[in-house]
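# For reference, the sequence and a predicted model appear below.
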Protein chains: 2
Amino acid sequence: MESISVGLLGLGTVGSGVVQIIDEHQDKLMHQVGCKVSVKKILVRTLSKDRNIYLNGSRLTDDPSDILNDPSIDVIIEVMGGIEHTRNYILQALQNKKHVITANKDLMAVHGSELLQVALENKCDLFYEASVAGGIPILRSLVEGLASDRIKKMMGIVNGTTNYILTKMSQEGREYGEVLHEAQDLGYAEADPTSDVEGLDAARKIAILGTLGFSMKVDLDDVSVSGISNVSKEDLEYCHQLGYTMKLIGIADRTEDKVEISVQPTLVPHSHPLAAVHNEFNAVYVYGEAVGETMFYGPGAGKLPTATAVVSDLVEVAKNMRLGVNGNSVILPQYSKKIKSDEEIFAKYFLRIHAKDQPGTFAALTSVFSNHQVSLEKILQLPLDEGNLAEIIIVTHIVSKRNYDFIIQQLNDLDVVEQVKSSYRVEGDDNR
Amino acid sequence: MESISVGLLGLGTVGSGVVQIIDEHQDKLMHQVGCKVSVKKILVRTLSKDRNIYLNGSRLTDDPSDILNDPSIDVIIEVMGGIEHTRNYILQALQNKKHVITANKDLMAVHGSELLQVALENKCDLFYEASVAGGIPILRSLVEGLASDRIKKMMGIVNGTTNYILTKMSQEGREYGEVLHEAQDLGYAEADPTSDVEGLDAARKIAILGTLGFSMKVDLDDVSVSGISNVSKEDLEYCHQLGYTMKLIGIADRTEDKVEISVQPTLVPHSHPLAAVHNEFNAVYVYGEAVGETMFYGPGAGKLPTATAVVSDLVEVAKNMRLGVNGNSVILPQYSKKIKSDEEIFAKYFLRIHAKDQPGTFAALTSVFSNHQVSLEKILQLPLDEGNLAEIIIVTHIVSKRNYDFIIQQLNDLDVVEQVKSSYRVEGDDNR
């Protein structure tokens, strides 16, 4: 093997990072792979656009088939984004016996199983480390590093934008809207931030993690999702007072053969490893039956971190090519999918309630919990300036999601309750 | 391939964990490997000893050659410890074309290069993930997950005993000796704690990390080591006041083609990811040129965490056997060793000085620093109860180790200085 030729689909932020790393780290790549690695052709939308990138001989093209049908190209790296037409390009590449590396979480969350199956049939590699948590080698750690263990739970801070917003809100006592605008000005949040702040981006990543970690095909529709756009600075203040830090966490939890996959603002104790993950950083906490607690921390996005993950996948493809063993890394799911019902999902919850500041209020509230056999772990009551109201904060002990939904409904129906202002899941108190 | 037969050397804590995981996770192993995995023979010292372990058909032997020369055994797992005779067993296993997995950091730090070379010559695998940071898949992350990046710096909390002691001293305001005794009672520290508390155990691990991360053979003698036995609770209190947490950190730092490898009590800012690693947990912080900051966190020791790393290595050996590609994972060092001199090692330092509480003291102290062109970042002066003395805490800006050693000597020579009570390296202020 004299050299390995790459076809790159997309020359945006990550694409130009890939070109840069392959160029600048060529000596390390050659030492590991044993031959030269070069980007032969790059698919772009507009050939004439001015680009401030050193291309080192790569040729630009706006015709995908110029790359997908080039028999001299061994590996396709897909960093263009999009779902349906990108799926078609990748299918075509695999059918042409080209190995594929993608950073595309949207694609893998929706069409991952199909693409992996096609890769397997064509004896091709399909790697996607960069699709979850950018520069953190979390997929490889799950599949190889923890290969012998049975993963019980994963909790991921897998969206940098929301972690940045919650960190700033929490550390500086500011409101959501204000911090979001600042994040948009700084380029940490998109002009349309919906996918990030409503948890959809995180949902795709936790679906991929759940599928791999539990060896069970998890679909995006299986993920129950809520975002951070209703989080108030008061919520964060009371969390903090009670010893918790709020994070948007993707949770994948397995009990025997059933799993729960969800994304929601979640409170963890200040001493939990996830509580120390600040600003735009990502982290995936993995609890294995034998290994116990582990956590993988790093940059979740960005040009060079994401490109590092992509090119590390390329090193693996290249090593496999040298040994002639491509297409053996796909391990199809071992288990059929079983999703927990609301009766089978158990957690603690934090509630903030505005209630009338009068005799009997507390008895009425607590009877709703005791009627469902739920005991309370922490209680904080404070007078409110407005009206004749009290602010009541409660942290429950473990309760099923189904019972908890009943409790919320019944609390809102009480005469003494003005409103359940907010409610968040609590995790990590039992060191898991 | 109908099954893979393992010969286990040692049936202590980790050995019995390996037997347990292979037995209990057999379904996951078979799904990944494609055939049965079983422990055929186990080397023990005393055959007659009572053992409360389910051996699932494994046969005990006290004769190493009964395992090393058994042609039906494919893989040797070494969890017996020791250096010289263990080296001989492993050499014999490799010469008999058996793949080897070891959890032995002492052995790998001293004889790693030789053993890897022999493995390469015999086309055998030699994996040692468990030798550094127990259950954390850090070696695999360095070699594969960050394969495309150029590692600039690693900082590891790689000894659980000392991290436990420093955490308790810091959180509970207690003295070293008292906490050490408690740790010994709880089984977190050995009866002879020297190897842990003097940094020797950490030195072996950072030597292994340096060798792999920098692709340069680092010897144990290259590691400059100091431990925690002189750390006082006052040191920790002043660190905390100035915004730092103290950890025993193995540092491997590369500047261009030269490296520094050391172990010492080190201060990191409270906001640094390593500061949140408490109790007996380990973590390795890796700074890559492209990826930036990453950290890998988890249990550094223990029966099942360490056995998880061992059996995950076994999964990789088994996959390689299925594909017929064993012996290709060893990548010999790319660079020849170049160790930094004291002039080339730069850091900030924290000093605690007892000096006479009289006019001119501060001027005398600061002139020592300014004579070496070192500026001061933080200063704290407090009166001391004893004598006519002041407690002076200083954090310097960046200074070479050579200049810093001169400064310490000259400070101790000053008439106004009673003693430089303590001095620690400071890392992580520049977010690295």
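Ah, there it is.
# Up against chain B, what does the stretch 1-150 of chain A have?
A:17, A:21, A:25, A:27-29, A:31-32, A:129, A:135-137, A:140-141, A:144-150 (C-beta under 8 Å from any C-beta of the partner chain). The way it works is simple: take the backbone N, C-alpha and C, and place the C-beta from them, glycine included.
# hmm, which of those are the buried ones?
A:17, A:21, A:25, A:28-29, A:32, A:129, A:135-137, A:140-141, A:144-150 (16 or more other C-beta atoms under 10 Å in any protein chain shown).
# so which strand or helix has the residue in the stretch 301-432 of chain A that chain B sits nearest to?
Residue nearest to chain B within the stretch 301-432 of chain A: A:Val311 (3.4 Å; C-beta to the nearest C-beta). Element membership of A:Val311 [criterion: DSSP states H and E] is helix A:303-323.
# Could you check how far that helix is from the centre of its chain?
In this view, helix A:303-323 has its centroid 21 Å away from the chain centroid, taken as C-alpha atoms, centre = their mean, to the nearest Å.
# Now it: buried residues?
Under 16+ other C-beta under 10 Å, the buried positions of helix A:303-323 are A:303-322.
# Direction included, what does the following helix or strand past that helix pair up with?
Going down the chain from helix A:303-323, the next helix or strand is strand A:346-356, by DSSP H and E. Note on strand A:346-356: by DSSP bridges, its sheet partners are strand A:389-396 (antiparallel), strand A:399-400 (antiparallel), strand A:417-426 (antiparallel).
# now the last one: mean pLDDT?
The reference is to strand A:417-426. Across strand A:417-426, the average pLDDT comes to 97.
# can you give me how far stretch A:263-276 is from the chain middle?
15 Å.
# swap in stretch A:234-251?
19 Å.
# Quote the end-to-end distance of it.
24 Å (C-alpha to C-alpha, to the nearest Å).
# touching chain B at all, that stretch?
No. Against chain B, stretch A:234-251 shows no contacts by C-beta under 8 Å from any C-beta, the least distance being 11.0 Å.
# And that stretch, what's buried?
Neighbour-count burial for stretch A:234-251 [16+ other C-beta under 10 Å]: A:235-236, A:238-240, A:242, A:244-251.
# So which of these is the closest to chain B?
Nearest to chain B among those, with distances taken as C-beta to the nearest C-beta, is A:Thr245, at 11.0 Å.
# after the helix or strand containing that closest one, next one along is what?
With secondary structure defined by DSSP H and E, A:Thr245 is part of strand A:244-255. Counting by DSSP H and E, the element after strand A:244-255 in chain order, helix or strand, is strand A:258-269.
# So what touches the helix or strand immediately after that next one in the chain?
Counting by DSSP H and E, the next helix or strand C-terminal to strand A:258-269 is strand A:281-288. For strand A:281-288, contacts defined as C-beta atoms under 8 Å, 6 or more residues apart in numbering or on different chains pick out A:132-134, A:136, A:138, A:141-142, A:146, A:149-160, A:163, A:209, A:213, A:273-274, A:277, A:293-301, A:432, B:135, B:293, B:308.
# Restricted to helices, list the residues you listed.
A:138, A:160, A:163, A:209, A:213, B:308 (DSSP state H).
# between those residues, which has the most around it?
Counting neighbours by other C-beta atoms under 10 Å in any protein chain shown, B:Thr308 leads those with 35 neighbours.
# That one and A:Ala290 touch, don't they?
Yes. Shown here, B:Thr308 and A:Ala290 form a contact pair, counting by C-beta atoms under 8 Å, at 4.7 Å.
# which residues are common contacts for these two?
Residues touching both B:Thr308 and A:Ala290 by C-beta under 8 Å, 6+ apart: A:148-149, B:21.
# Could you save the residues you listed as a markdown table and add columns showing pLDDT and distance to A:Lys105?
Output for the shared contacts of B:Thr308 and A:Ala290, formatted as a markdown table (pLDDT from 0 to 100; distance: C-beta to C-beta, whole Å):
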| residue | pLDDT | distance to A:Lys105 |
| --- | --- | --- |
| A:Ser148 | 94 | 27 |
| A:Asp149 | 96 | 24 |
| B:Ile21 | 96 | 32 |
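# Domain-wise, how is chain A divided?
A:3-134+A:303-323, A:138-299, A:342-426 (automatic domain parsing).
# Buried deepest among those domains, which one?
Highest mean neighbour count among those (mean count of other C-beta atoms under 10 Å in any protein chain shown): domain A:138-299, with a mean of 22.
# coming back round to it: per-residue pLDDT of the residue of the stretch 301-432 of chain A closest to chain B, please?
With respect to pLDDT, A:Val311 scores 97.
# Run through the stretch 251-400 of chain A and note the low-pLDDT ranges.
Within the stretch 251-400 of chain A, no range satisfies pLDDT under 70.
# what does it put close to chain B?
So far as C-beta under 8 Å from any C-beta goes, the stretch 251-400 of chain A lies against chain B at A:271, A:273, A:275-278, A:281, A:288, A:290-299, A:302, A:304-305, A:307-312, A:314-316, A:319, A:322-323, A:325, A:328, A:331, A:334.
# Now with 6 Å, please.
Residues of the stretch 251-400 of chain A lying close to chain B by C-beta under 6 Å from any C-beta of the partner chain are A:273, A:276, A:290-292, A:294-299, A:304-305, A:308, A:311-312, A:315, A:323, A:325, A:328, A:334.
# any idea where the helices of the stretch 1-150 of chain A begin and end?
Secondary structure of the stretch 1-150 of chain A (DSSP state H, counting those that start in this stretch): helices located at A:13-24, A:26-33, A:64-68, A:84-95, A:105-121, A:138-140.
# Leaving out chain neighbours, which residue sits closest to A:Glu237?
A:Gly173 (7.0 Å; C-beta to C-beta, 6 or more residues apart in numbering or on different chains).
# my bad, A:Leu304
Nearest to A:Leu304 is B:Ala290, by C-beta to C-beta, 6+ apart, at 4.0 Å.
# quick one: the one you found and A:Thr308 touch, right?
Yes. At 4.7 Å, B:Ala290 counts as touching A:Thr308 under the criterion of C-beta atoms under 6 Å.
# Next, the closest residue to the residue of the stretch 301-432 of chain A closest to chain B other than its chain neighbours: phi, psi?
Closest residue to A:Val311 apart from its sequence neighbours, by C-beta to C-beta, 6+ apart: B:Ser148 at 3.4 Å. The phi/psi pair for B:Ser148 (degrees, to the nearest 10) reads phi -90, psi 0.
# any chance of the buried residues of stretch A:234-251 in JSON lines, with distance to B:Gly428 too?
JSON lines is the format used below for these (distance: C-beta to C-beta, whole Å):
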{"residue": "A:Asp235", "distance to B:Gly428": "31"}
{"residue": "A:Leu236", "distance to B:Gly428": "26"}
{"residue": "A:Tyr238", "distance to B:Gly428": "31"}
{"residue": "A:Cys239", "distance to B:Gly428": "27"}
{"residue": "A:His240", "distance to B:Gly428": "24"}
{"residue": "A:Leu242", "distance to B:Gly428": "29"}
{"residue": "A:Tyr244", "distance to B:Gly428": "26"}
{"residue": "A:Thr245", "distance to B:Gly428": "21"}
{"residue": "A:Met246", "distance to B:Gly428": "25"}
{"residue": "A:Lys247", "distance to B:Gly428": "22"}
{"residue": "A:Leu248", "distance to B:Gly428": "26"}
{"residue": "A:Ile249", "distance to B:Gly428": "26"}
{"residue": "A:Gly250", "distance to B:Gly428": "28"}
{"residue": "A:Ile251", "distance to B:Gly428": "30"}
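# Bridged to A:Leu267, which residues?
With DSSP bridges as the rule, A:Leu267 is bridged to A:Met246, A:Val426.
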